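Asker: Everything below, folded, please.
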Amino acid sequence: MLLEMKNIDKAFNGVPVLKKVQLEVEAGEVHALLGENGAGKSTLMNVLTGVYPLDGGSIIFDGQSQEHMTIRKSEELGIAFVHQELNLFNDMTVYENIFLGKEIVNKFGKCNKREMIRRARELFSQLDVNIDPTEKVEDLKTSEKQLLEISKALFFQAKLLILDEPTTALNNDEIDHLFQIIGNLKKKGTSFIFISHKMPEIFRISDRYTVFRNGEYIASGRIEETTPEEVTRLLVGNADSFRDIYEVRESGESILKLVDYSGPGFSHIDLDIKKGQIVGLTGLQGAGSSELMQCMFGITRSTGGYMEMEGQKIPPASTHKTMVSGIAMLASNRKENSVIPDMSLLENMYLAEHTLSARSFAIHKKEEKAKYEKYKKMLNIKAQDSSDSILSLSDGNQQKVFLARWLNTNADVLLLDNPTQGIDVGAKAEIYKLILELSKEGKTILINTLEIPEIQKIADYCAVFYEGSIIKILQHQEINEETVMLYSTNASQA
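Answerer: Next comes the predicted model:
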């Protein structure tokens, strides 16, 4: 056994995120580490690589007990973590990235550029990787950067490689090449921890698997002795135990159409959405649903097809024209995309409407305060004075202010990207009820979220994304965690 992690505990600010979890990896195997977002996979890997100290439990690597793991120690042991967010310096060359901090020097203490380039070429030749060591990293394709990260780890004799969603940005040919490299290294005794949500890949490349859920160890076994359906059941557990607040409502005429719509991160999307409908969009992180919303709102430029609102085509990459047409968007990542910390509650609320109309140079505070009070009551915003800082509110109440910001534009279509991200259960319930009420008033709502119970509570139907395309449309009665997971991981085709 190359790696044994036993009874690992880890908490942040007193909140347990890993509870007596375990993981065993054999020499020369690919071990799939599986779990939904927040299951504890990345935290455990950060414990293993010395980023976080463990609170309890033990780590045995290559037969030796490791009492105090550090980043340097994990590297010396031969453990390498290739993150989903690649850790490369774009303004440096390929060979400089490989030897960063471990430069080869001559007898005068100067970098031996020629020798480093020679060794880099030798490494790429062994791995059948076609990359020029002298090329700038910024000029590489994403797939080449991924292979560079792996090559960089292998150059210093890594015994265990942790690959976090390594195929997210790769096409099928590039995935085949990566898996060929993994297969060749496995024969030489290199081990891999393979973190992925894509069932076909998991069942194609892995020897064994371990499943985490909510920071706890659930099960492990051999891939050949299980099925994608069984693994999916282990991943989601009894997640369907919730109260469905969904109500059947009548919808109106077609209001929003996407026809063969393509753009950065998604392609060939066809949707015909009716007035008053609530449509859920979901899939794994990076599957294309959030990217679709950004393009619909004009943040990115479409590359094919078209979008029309009430029969009128909307020009690409124009947020202002999109807003004028009656579409509003509550962006994900509230802190980066919504909060304007130097502005008051009132200013944060009326910002979008005044950007849209630009009807006068003057802002009538009395009118704006009246609107603020209306939305404060409607959304049950718990706040004191409208002149208070937006930062004085809780996350849930901040989100309600930003929802008021877009309702204030009188938009007919609301694009909500992860609207309940990072807010508590009580605030979530209020937002669900509000979405349903808005739909009854004729608002059309698209909600993108990774939380399937959220979609079950409110959506008329759900579009499941996989690798940039809609792989399945599920009607309300068909939506459940297990079914969505089967399609979002493409386990249905595994």
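Asker: Now Tyr217: closest residue in space, sequence neighbours ignored.
Answerer: Ranked by Cβ to Cβ, 6 or more residues apart in numbering and with sequence neighbours excluded, the top spatial neighbour of Tyr217 is Val21, at 4.4 Å. Just so you know, the C-beta spots here come from the backbone N, C-alpha and C atoms, and that holds for glycine as well.
Asker: Mind listing the residues bridging to the one you found?
Answerer: Beta-bridge pairing for Val21 (DSSP bridges): Ile8.
Asker: which residues in the stretch 251-400 of the chain form strands?
Answerer: Ranges of strands in the stretch 251-400 of the chain, per DSSP state E, counting those that start in this stretch, are 254-263, 266-274, 278-283, 304-309, 312-313, 327-330.
Asker: what does the fourth one rub up against?
Answerer: This means strand 304-309. Identification of contacts with strand 304-309 by Cβ atoms under 8 Å, 6 or more residues apart in numbering yields 255-263, 267-269, 296, 313-314, 325-327, 412-413.
Asker: cutoff 6 Å now
Answerer: Residues outside strand 304-309 that contact it (Cβ atoms under 6 Å, 6 or more residues apart in numbering): Leu256, Lys257, Leu258, Val259, Asp260, Tyr261, Ser262, Lys313, Ile314, Ser325.
Asker: quick one: contacts for the second one?
Answerer: In other words, Lys257. Lys257 neighbours (Cβ under 6 Å, 6+ apart): Asp272, Glu308.
Asker: if we can go back for a sec, residues near the residue nearest to Tyr217, how many?
Answerer: Other residues near Val21 number 25, with proximity taken as other Cβ atoms under 10 Å.
Asker: Can we start the residue count at 743 from this point?
Answerer: From this message on, residue numbering opens at 743, which makes the last subject Val763.
Asker: State the distance from Glu1223 to Ser1136.
Answerer: For Glu1223, the distance to Ser1136 (Cβ to Cβ, to the nearest Å) stands at 28 Å.
Asker: The two: which is more packed in?
Answerer: Glu1223 (21 against 13).
Asker: Look up the pLDDT of that one for me, please.
Answerer: Looking at Glu1223, its pLDDT is 85.
Asker: doesn't Val978 make contact with it?
Answerer: Yes: counting by Cβ atoms under 6 Å, Glu1223 touches Val978, with 4.2 Å between them.
Asker: picking up where we left off before, put together TSV for the contacts of strand 1046-1051, with distance to Thr974 and pLDDT on each row.
Answerer: As requested, these are arranged in TSV below (distance: Cβ to Cβ, whole Å; pLDDT from 0 to 100):
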residue	distance to Thr974	pLDDT
Leu998	32	97
Lys999	33	97
Leu1000	29	97
Val1001	33	97
Asp1002	31	97
Tyr1003	29	97
Ser1004	29	96
Lys1055	40	94
Ile1056	38	94
Ser1067	40	93
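Asker: Report the buried members of those residues.
Answerer: Leu998, Lys999, Leu1000, Tyr1003, Ser1004, Ile1056, Ser1067 (16 or more other Cβ atoms under 10 Å).
Asker: For the most centrally placed residue in the chain, what are phi and psi?
Answerer: Computing the C-alpha centroid of the chain and ranking residues by Cα atoms, centre = their mean puts Gln1027 first, at 3.1 Å. Per-residue torsions, Gln1027: phi -50, psi 130 (degrees, to the nearest 10).
Asker: And it, how far from Ser1074?
Answerer: For Gln1027 relative to Ser1074 (Cβ to Cβ), the value is 11 Å.
Asker: cool, and Glu1115?
Answerer: 28 Å.
Asker: Neighbours of Leu1158, how many?
Answerer: Neighbours around Leu1158, by other Cβ under 10 Å: 23.
Asker: Name the SS class of it, please.
Answerer: Secondary structure for Leu1158, judged by DSSP: H, G, I helix; E, B strand; the rest coil, is strand.
Asker: you'd agree it is up against Leu1072?
Answerer: Yes: at 4.8 Å, Leu1158 counts as touching Leu1072 under the criterion of Cβ under 6 Å.
Asker: quick one: contacts for Val789?
Answerer: Per Cβ under 6 Å, 6+ apart, neighbours of Val789: Lys752, Leu796.
Asker: From Glu943, how far off is it?
Answerer: Plainly put, Val789 is 25 Å away from Glu943 if you go by Cβ to Cβ.
Asker: Report the separation between Ile846 and Asp1002.
Answerer: Here the criterion is Cβ to Cβ. By it, Ile846 lies 53 Å from Asp1002.
Asker: In stretch 1041-1050, which residues are buried?
Answerer: The neighbour-count check on stretch 1041-1050 (16+ other Cβ under 10 Å) flags Ile1041, Thr1042, Ser1044, Gly1047, Met1049 as buried.
Asker: oh, I was asking about stretch 1072-1085
Answerer: Leu1072, Ala1073, Ser1074, Arg1076, Ser1080, Val1081.
Asker: And those, which is closest to Lys901?
Answerer: Ser1074 (38.0 Å; Cβ to Cβ).
Asker: show me what contacts the closest one?
Answerer: If you count contacts by Cβ under 6 Å, 6+ apart, Ser1074 has them with Asp1159, Asn1160.
Asker: pLDDT wise, what is it at?
Answerer: 83.
Asker: And Leu927, by the same measure?
Answerer: 88.
Asker: Count the neighbours of it for me.
Answerer: Leu927 is flanked by 19 other residues according to other Cβ under 10 Å.
Asker: Now do the helix or strand harbouring it: distance to the chain's middle.
Answerer: Mapping Leu927 onto the secondary structure by DSSP states H and E places it in helix 914-929. Centroid separation for helix 914-929 versus its chain: 24 Å, with Cα atoms, centre = their mean, to the nearest Å.
Asker: With stretch 749-762 instead?
Answerer: Centre-to-centre, stretch 749-762 and its host chain are 23 Å apart (Cα atoms, centre = their mean).
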